[in-house]
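>>> Turn this into a model:
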Amino acid sequence: MSPLLPPLLLLLLSTQDALALRICSFNVRSFGEAKKEDRSTMDVIVKIIKRCDIMLLMEIKDSNNMICPMLMEKLNGEKLVSVKRSYLYRDHQDGDEDVFSREPFVVWFQSPHTVVKDFVIIPLHTTPETSVKEIDELVDVYVDVKKRWKRENFIFMGDFNAGCSYVRKKAWKNIRLRNDSSFIWLIGDGEDTTVRESTHCAYDRIVLRGPELIDAVVPGSNGIFNFQKAYKLTEEEALAVSDHFPVEFRLRTSRAITSNKKSVTPKKKKPRRS
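Residues are numbered from 1 along each chain as shown. A predicted model of the protein is given here:
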């Protein structure tokens, strides 16, 4: 069986005129050779990814490094962001080693076309049984990155397994990422990021830190993308893609990037609860 790779941040090339930068997180569930060879499933996966300008993909199983190059061949267009720096967080704190089942691969993005010009993404895909501790430990990753790069704008996102039996209500008091009001959670506890009709769990999350970044979020843009409903799939067809729905939000651009290079002021949307 192919090994389970760490979460992967794809820097996507948007094919659409952009009024905002869409940032997404998606657990594709066992994304390996079988899905790669299933044309109908791959068509849906590519459509989901193409909606986004930055996409965090999880559960890629690809020992031959074929899936990512194949995806990039299918994605083309205008480059909206660039990578400034990146590093793998090493979980070697004295007395608190190896908390993360998958150590976060941290990426610092530069985004010249958005109101906020740079931000750091810290991805996380937890093991369900240790999700409380892993989510809490993201604060230590934040402290490490802030000291290293002196940045202010942070996005934490991924499959946190942050719901149902994995993070019960009484456990939230032990999670610093929740208790510190400077961290803003864009996906609420009552949301359902699962495809199966028999489940209702907010496993996948997005958390922000940094006033400039938070102010740059397009009101009402944070939420779940229900690809089953959007693409008129049966539950069985949707589950062939994943048992998770993507989560997402958008950042306001300083101007729209259009083919004729004209500047367009984005329209404001009424806010809605996440």
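
>>> can you tell me how far Pro104 sits from Asp189?
22 Å (C-beta to C-beta, to the nearest Å). Every residue, glycine included, has its C-beta placed from N, CA and C.

>>> Comparing these two, which residue is more hemmed in?
Applying other C-beta atoms under 10 Å to Pro104 and Asp189 shows that Pro104 carries more neighbours, namely 25 against 15.

>>> Tyr87 is in contact with that one, correct?
No. Between Pro104 and Tyr87 there is no contact under C-beta atoms under 8 Å: 9.5 Å.

>>> burial measure for Tyr231, as a count.
The number of residues packed near Tyr231 is 14, by other C-beta under 10 Å.

>>> That one contacts Asp43, doesn't it?
No. If you go by C-beta under 8 Å, Tyr231 and Asp43 don't touch, sitting 9.2 Å apart.

>>> now the strands for the chain?
Remark: strands assigned in the chain by DSSP state E are 8-11, 18-31, 54-60, 82-88, 105-110, 118-123, 154-159, 183-185, 204-209, 223-224, 247-257.

>>> what about the shortest one, average pLDDT?
Going back to what we said before, that points to strand 223-224. The pLDDT scores in strand 223-224 average 97.

>>> Next: the longest one.
Along strand 18-31, the predicted confidence averages to a pLDDT of 84.

>>> For that strand, output the C-alpha coordinates as CSV.
Output of strand 18-31 as CSV, limited to C-alpha atoms (Å, rounded to 0.1, in the frame of the first residue of the first chain):
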residue,chain,number,x,y,z
ALA,A,18,-10.9,37.0,-9.5
LEU,A,19,-12.7,39.3,-7.2
ALA,A,20,-11.3,37.5,-4.2
LEU,A,21,-8.7,34.8,-3.4
ARG,A,22,-10.4,31.5,-2.5
ILE,A,23,-8.5,29.4,0.1
CYS,A,24,-9.7,25.8,0.6
SER,A,25,-9.0,22.7,2.6
PHE,A,26,-10.0,19.2,1.5
ASN,A,27,-9.5,15.7,2.8
VAL,A,28,-9.8,13.7,-0.4
ARG,A,29,-9.7,10.4,1.6
SER,A,30,-7.2,7.8,0.3
PHE,A,31,-6.4,9.6,-2.8
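
>>> in the stretch 51-200 of the chain, which spans are helices?
67-74, 131-149, 176-179 (DSSP state H, counting those that start in this stretch).

>>> starting at the chain centroid, how far to stretch 81-100?
17 Å (C-alpha atoms, centre = their mean, to the nearest Å).

>>> That one: which residues count as buried?
By neighbour count on 16 or more other C-beta atoms under 10 Å, the buried set for stretch 81-100 is 81, 89, 91, 99-100.

>>> For those residues, work out which two are farthest apart.
The most widely separated members of these are Val81 and Val99, with 29.6 Å between them, by C-beta to C-beta.

>>> residue contacts, the closest residue in space to Ile45 that isn't next to it in sequence?
Residue nearest to Ile45 in three dimensions, not counting chain neighbours: Val241, with 6.0 Å by C-beta to C-beta, 6 or more residues apart in numbering. Shown in contact with Val241 (C-beta atoms under 8 Å, 6 or more residues apart in numbering): 28, 41, 44-45, 48, 195, 227, 233.
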